[in-house]
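> When you get a sec, could you give me coordinates for this:
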Amino acid sequence: MQQARNLAADLGMRMKSLRFLLRDRDGKYGAAFDMVLEAEELEVILSAPRVPRMNAHCERIIGSIRREMLDHVLIVNEAHARQVLAAYRRHYNTHRPHQADSNYRLMPRNGPTPQCTTSTPAECCGPGSSAA
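Numbering: from 1, shown residues only. As a prediction, this is how the structure comes out:
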């Protein structure tokens, strides 16, 4: 409970711009913890049960979105954010050939794929090579 109070005090006025808190189901967060945050008008969302690595997956996708999209676009409002995220989702799920061979085969090729003729991938795809 004291942790929630400290969080609310540290965030101060910025707390008003927050709407959700995603937390895991650890026993150290009790009902009192949630009540303090709900008093600050935050909706507490629990992670899925028995998914210990969920936070790592969430952090990875959020980091990807931030680095690949939000660092390059100035978001004006919520409608614009939804539009940009929808475009990124399409790109992330369809236009990234390194995800799987099946996705790569579906994409049109503009030229021949560079073939590695050396013995190790580091020599073929290392810095300064034409395949990298």
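
> domains for this protein, by residue range?
1-50, 53-106 (automatic domain parsing).

> In JSON lines: these, plus mean neighbour count.
Backbone N, C-alpha and C define where each C-beta goes, glycine included. Shown next, in JSON lines, are those (neighbours: other Cβ atoms under 10 Å):
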{"stretch": "domain 1-50", "mean neighbour count": "12"}
{"stretch": "domain 53-106", "mean neighbour count": "11"}
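
> weakest of these in terms of mean pLDDT?
Among those, domain 53-106 carries the lowest mean pLDDT, a mean of 79.

> Please, where are all the helices along this protein?
Secondary structure of the chain (DSSP state H): helices at 2-11, 31-39, 54-65, 78-94, 101-106, 121-125.

> Would you mind putting the ones you listed into JSON lines with distance to residue 24 alongside?
Formatted as JSON lines, those follow (distance: least, Cβ to Cβ, whole Å):
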{"stretch": "helix 2-11", "distance to residue 24": "14"}
{"stretch": "helix 31-39", "distance to residue 24": "12"}
{"stretch": "helix 54-65", "distance to residue 24": "7"}
{"stretch": "helix 78-94", "distance to residue 24": "24"}
{"stretch": "helix 101-106", "distance to residue 24": "32"}
{"stretch": "helix 121-125", "distance to residue 24": "38"}
